[in-house]
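Undergrad: got a predicted structure plus its sequence, pasted below:
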Number of protein chains: 2
Amino acid sequence: MTASQTSRLREKLAEIADVTAAIALLQWDQEIYMPPKAAPGRGKQLATLSALAHRMSTDPQLGELLHRLRDAIESLEADDAKLVEEALYDYDRAARLPEAFVHTFAEVRSNALQAWVKAREESCFAAFQPHLERLVALLIEKADYLGYEGSPYNALLEDYERGMTAGHLQTLFADLAPKQRALVEKLGCAPQPDAAWLDQTWDEKAQWDFSLCVLRDMGYDLEAGRQDKSAHPFTTNFDFTDVRITTRINPADLFSGLMASIHEGGHALYEQGFQEKDRRSTLAQAPSLGAHESQSRMWENLVGRSLPFWKHYMSALRGHFPDQLDRVEPEQVWRALNRVRPSLIRVEADECTYNLHIVLRFEIEVALIERQVKVADIPDIWNAKMKQYLGLDVPDDARGCLQDVHWSHGAMGYFPTYALGNLYAAQLFEQILRDIPHLWDSVASGDFAPLLAWLREHVHQHGRRKTAARIVQDATGSPPSSTPFLRYLETKYTALYDLTY
Amino acid sequence: MTASQTSRLREKLAEIADVTAAIALLQWDQEIYMPPKAAPGRGKQLATLSALAHRMSTDPQLGELLHRLRDAIESLEADDAKLVEEALYDYDRAARLPEAFVHTFAEVRSNALQAWVKAREESCFAAFQPHLERLVALLIEKADYLGYEGSPYNALLEDYERGMTAGHLQTLFADLAPKQRALVEKLGCAPQPDAAWLDQTWDEKAQWDFSLCVLRDMGYDLEAGRQDKSAHPFTTNFDFTDVRITTRINPADLFSGLMASIHEGGHALYEQGFQEKDRRSTLAQAPSLGAHESQSRMWENLVGRSLPFWKHYMSALRGHFPDQLDRVEPEQVWRALNRVRPSLIRVEADECTYNLHIVLRFEIEVALIERQVKVADIPDIWNAKMKQYLGLDVPDDARGCLQDVHWSHGAMGYFPTYALGNLYAAQLFEQILRDIPHLWDSVASGDFAPLLAWLREHVHQHGRRKTAARIVQDATGSPPSSTPFLRYLETKYTALYDLTY
């Protein structure tokens, strides 16, 4: 009888996964191929599908089934027991949100996304402001439905990084931020690498083709995924056999598109690494966005911005740009790719300044959700913090508070996971270098198979069976900490900038 | 109270329209962008969504509401009354199909589509056969669920051309086929136009760009639609603000891609022509595929293959292929585009032979559904009929019974609507020439606005308010007939081939 109940559960969860996949496709299409006049209609479609998914996820019959299975959890096999546990967690959380709220939220999000695209083009925050005001009000309402201890922001964080709190992040950032700012200042005084050779126009098709080569080498299965272009690069999946990434190619920048591809490729490898037996189930998910981000950042920064990586790829890159790169050496690329320069745009930020962009956003989000500031004040606060943390003046909203898509998605509590991803990545990578002594040799020969195999074993295959903290703990023997990341930055940039500490 | 009931009805129908839109997007993506390994997962998604849509369409609460509104239909406004009538028709039909059947059918279709793509590539009917067998069995089952008088094929036809029967089509085709074959034979004996200048390679991008120019001129709103490439050109829509077409570009053929674009553009103009007040409702649909096809064929054949059309477009086409077309005159294009040559491929067939391809498919479909022949026998029957009707030997299945996507979609009863579209188009166009005496002058100056305005008024705006027969009757004063089409063929081809009758 329990066997038939678990198979009923699996069927119900699979149907929810199917509807969620349709929602993800509607969103993917919305950002890549949808014609502009379709926006309001797409908003309705997303609202209807989201309400359906929510209704299915909160179906009392599902709840009853889950509670009955939890009462018999001792008799279940390990996979089934874990599935029941995780599905029950989702069920209890989803059941707290009224269907009408979910419907409204989806529709407001969809319209906000279109408004953001336009506002960003015109660099006009005022055009986005009413949409964001509506979203913030809904997010505060959402926190109330979900419940929380301490800050209402904790309720939102939980969606992206289970167990994390605003207080915990404040402590963490209070340690990271000053150390990173000190490093940035020190590097600012050092001689800067020559990157004048980068100031050229780089053929878009050659950039695109090269990015696909690298993605293939990384192990990204293009028979079970694809790359497209969008305003803001992202990864989505409709199943682990259909994991798609996007990038944006800038003819004035040889590397921003490639690095976006590698980053999203890291996410995609995670999604492609779940187990067949978890297909269409709750377990075929990463446990948190921080865990996810550890993979994208590891591939982008620790691998893609390393010297061995460029020792291998220099000749292939030259092949794509023969007239422009015949005299450029791997070390020049490496130095150019790791220039530390406070910049206005988060997605173009280097490793030393990146977390400072996150701290800025995190502080604004917490203040918004705790009702300490108003949406209308965001541009001023943003610009003041940009001056404070990065020493930069923001010339317009497009390069300021309108640069990111996240808020238009109604996602607050999301940004901090990028910083956590940096920390997890550095800590996991220290262990990888211990476990695979010849790792850099294999990277220098373009062989990423040992790295991917390690990640499959220690991270990907577990899906939601382990939390991010548990993955880090099991793989490295220590709980997550900021020390490996700060150690990584100091070692790498001491070498790059020939500093003596 | 009735007002609140009609608004409840509209809300329920809008939600069904939203789920249907998601299904259409899953299918669109499946044929254009989906990576190959995703096929089985996509099949599951389509099955789940189709079952959901079916459950919503057959919800007893919807049925109750509809019956209550029908009882009060005298008190409703005209739009509401028509909506209730059409929605009730759909409800009664959908309610006859069990949910499990709909689920299975969707999944089998999805797998069949993938199998067909592969089978066609490899020109191997045997690889598609088991899928088609399963589909035919399901179609026979479907006819039984739906109910019918006479042939079970009538139940399937009803989905595509309401009120049409196999018997009616047999009578019609018994008249059309011999007359068209006689015309083809006569033309075969006449001197053929010189088209040697077409045997070149035609740049794909130039073809693509030119097709977009023509589509824009026709009035296709690319802010509410887009063109992509797929194996078999089609039109889909997720709302009348998002009507998408596909084409296929062949570098060896200057016109096949363009003609597909114009054809699908004709469909798209129909979908973009519904009224705002009908949005997300049952009324924002064409009444039948024959009605739809009348629009695509009118634009493709009666307009796009006319001499005035090419008098206008010759210079633009030369602009796209300056080295290849500098000596080609509009009349040469017109003659080349209207060559009558029995061919293996339906979508490349000329106007004189096209309906013969339909008769062939129709006869096979009826025989399959009436269990007079087996799926395994299709290639032999196909090839024999191709010899009989078109005098051609079929060299392989890819150019024979595997050429069309329709059967892999589980669509039988669909092909005859193409022939009906030809008839409706010719009859409507005779009237258009009476109503707009200067039509050919405006076409010759690239101005399609008067034509589009006529179609919007007499065809598009009505949505499902009128049947195809009623549209033709109201616009032309006569019921649909084959006479205008045969008259059109004889007049046009007498001029083209300098025949004397």
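TA: Here it is on my side, so go on.
Undergrad: all helices for the stretch 301-450 of chain A, in order.
TA: With DSSP state H, counting those that start in this stretch applied, the stretch 301-450 of chain A shows helices at A:307-320, A:322-325, A:330-337, A:354-369, A:378-390, A:416-435, A:439-444, A:449-458, listed in chain order.
Undergrad: dump these to a markdown table, plus mean pLDDT.
TA: Compiled in a markdown table, the helices of the stretch 301-450 of chain A are given as follows (pLDDT from 0 to 100):
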| stretch | mean pLDDT |
| --- | --- |
| helix A:307-320 | 97 |
| helix A:322-325 | 94 |
| helix A:330-337 | 95 |
| helix A:354-369 | 97 |
| helix A:378-390 | 96 |
| helix A:416-435 | 97 |
| helix A:439-444 | 98 |
| helix A:449-458 | 98 |
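Undergrad: closest one to chain B among those helices?
TA: Of all these, helix A:449-458 sits nearest to chain B, with 17.4 Å by C-beta to the nearest C-beta. To be clear about C-beta, it is placed using only N, CA and C from the backbone, and glycine gets the same treatment.
Undergrad: next, the angle from that closest one to helix A:416-435.
TA: Here the directions of helix A:449-458 and helix A:416-435 differ by 120 degrees (axes from the mean of the first three to the mean of the last three C-alpha atoms, to 10 degrees).
Undergrad: just give me how far helix A:449-458 sits from the chain centre.
TA: Taking C-alpha atoms, centre = their mean, to the nearest Å, the mean C-alpha location of helix A:449-458 is offset from the chain mean by 20 Å.
Undergrad: in it, which residues are buried?
TA: Neighbour-count burial for helix A:449-458 flags A:Pro450, A:Leu451, A:Leu452, A:Trp454, A:Leu455, A:Arg456, A:His458 (criterion: 16 or more other C-beta atoms under 10 Å in any protein chain shown).
Undergrad: how about low-confidence regions in chain A?
TA: Low-confidence segments of chain A (pLDDT under 70): A:1, A:500-501.
Undergrad: tell me, what residue is most central in it?
TA: The structure's chain A has its C-alpha centroid closest to A:Glu293; by C-alpha atoms, centre = their mean the separation is 4.8 Å.
Undergrad: OK, contacts around that residue?
TA: Applying C-beta atoms under 8 Å, 6 or more residues apart in numbering or on different chains to A:Glu293 gives the contacts A:His267, A:Thr417, A:Tyr418, A:Leu420, A:Gly421, A:Asn422, A:Tyr424, A:Ala425.
Undergrad: and A:Thr353, by the same measure?
TA: Per C-beta under 8 Å, 6+ apart, neighbours of A:Thr353: A:Gln180, A:Val184, A:Val340, A:Arg341, A:Pro342, A:Ser343, A:Leu390.
Undergrad: and those, which is closest to chain B?
TA: A:Ser343 (33.2 Å).
Undergrad: roughly how far apart are the closest residue to that closest one other than its chain neighbours and A:Gly410?
TA: Take A:Ser343 and drop its neighbours on the chain: the residue closest to it by C-beta to C-beta, 6 or more residues apart in numbering or on different chains is A:Ala349, 5.5 Å away. Noted for A:Ala349: a distance of 24 Å to A:Gly410, by C-beta to C-beta, to the nearest Å.
Undergrad: do the same with A:Glu99
TA: 17 Å.
Undergrad: which of these two has more residues huddled nearby?
TA: Neighbour count, other C-beta atoms under 10 Å in any protein chain shown: between A:Glu99 and A:Gly410, A:Gly410 has more, with 23 against 13.
Undergrad: ok, so what distance separates that one from chain B?
TA: 19 Å (C-beta to the nearest C-beta, to the nearest Å).
Undergrad: and that residue, its phi and psi?
TA: Torsion angles at A:Gly410 (phi, psi; degrees, to the nearest 10) stand at phi 70, psi 20.
Undergrad: quick check, it in contact with A:Ile140.
TA: No - counting by C-beta atoms under 8 Å, A:Gly410 sits too far from A:Ile140 to count as a contact (11.6 Å).
Undergrad: just the CA coordinates for stretch A:394-414, please, in PDB.
TA: Extracted in PDB, the C-alpha atoms of stretch A:394-414 (Å, rounded to 0.1, in the frame of the first residue of the first chain):
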ATOM      1  CA  VAL A 394      26.500  56.600 -11.400                       C
ATOM      2  CA  PRO A 395      25.800  58.400 -14.700                       C
ATOM      3  CA  ASP A 396      22.300  57.100 -15.300                       C
ATOM      4  CA  ASP A 397      19.800  54.500 -14.000                       C
ATOM      5  CA  ALA A 398      20.500  52.100 -16.800                       C
ATOM      6  CA  ARG A 399      24.000  51.700 -15.400                       C
ATOM      7  CA  GLY A 400      22.700  52.000 -11.900                       C
ATOM      8  CA  CYS A 401      19.600  50.600 -10.200                       C
ATOM      9  CA  LEU A 402      18.000  49.400 -13.500                       C
ATOM     10  CA  GLN A 403      20.900  47.200 -14.500                       C
ATOM     11  CA  ASP A 404      19.600  43.900 -13.100                       C
ATOM     12  CA  VAL A 405      16.500  41.900 -14.200                       C
ATOM     13  CA  HIS A 406      16.000  40.300 -10.700                       C
ATOM     14  CA  TRP A 407      13.700  42.900  -9.100                       C
ATOM     15  CA  SER A 408      11.400  42.900 -12.100                       C
ATOM     16  CA  HIS A 409      11.100  39.200 -11.500                       C
ATOM     17  CA  GLY A 410       9.900  39.900  -8.000                       C
ATOM     18  CA  ALA A 411      13.100  38.300  -6.700                       C
ATOM     19  CA  MET A 412      14.500  39.800  -3.500                       C
ATOM     20  CA  GLY A 413      16.700  37.700  -1.300                       C
ATOM     21  CA  TYR A 414      18.300  36.400  -4.400                       C
END
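Undergrad: looking at the stretch 351-500 of chain A, which residue is nearest chain B?
TA: Per C-beta to the nearest C-beta, A:Gly463 is where the stretch 351-500 of chain A lies closest to chain B, at 16.2 Å.
Undergrad: can you get me a residue count around that residue?
TA: A:Gly463 sits with 24 neighbouring residues when counted by other C-beta under 10 Å.
Undergrad: which parts of the stretch 101-250 of chain A are strands?
TA: For the stretch 101-250 of chain A, the strands defined by DSSP state E, counting those that start in this stretch occupy A:225-229, A:235-239, A:242-247.
Undergrad: dump these to a markdown table, plus mean neighbour count and distance to B:Arg216.
TA: Output for those, formatted as a markdown table (neighbours: other C-beta atoms under 10 Å in any protein chain shown; distance: least, C-beta to C-beta, whole Å):
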| stretch | mean neighbour count | distance to B:Arg216 |
| --- | --- | --- |
| strand A:225-229 | 19 | 23 |
| strand A:235-239 | 23 | 31 |
| strand A:242-247 | 26 | 27 |
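Undergrad: adding distance to chain B, write these out as a markdown table.
TA: Listed next are the strands of the stretch 101-250 of chain A as a markdown table, based on distance: least, C-beta to the nearest C-beta, whole Å:
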| stretch | distance to chain B |
| --- | --- |
| strand A:225-229 | 5 |
| strand A:235-239 | 4 |
| strand A:242-247 | 3 |
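Undergrad: is it correct that A:Glu370 is in contact with A:Pro152?
TA: Yes - in this structure, A:Glu370 is within contact of A:Pro152 by C-beta under 8 Å, at 6.6 Å.
Undergrad: who's more crowded, the two?
TA: A:Pro152 (21 against 14).
Undergrad: from A:Arg371, how far off is that one?
TA: With C-beta to C-beta as the criterion, A:Pro152 and A:Arg371 are 9 Å apart.
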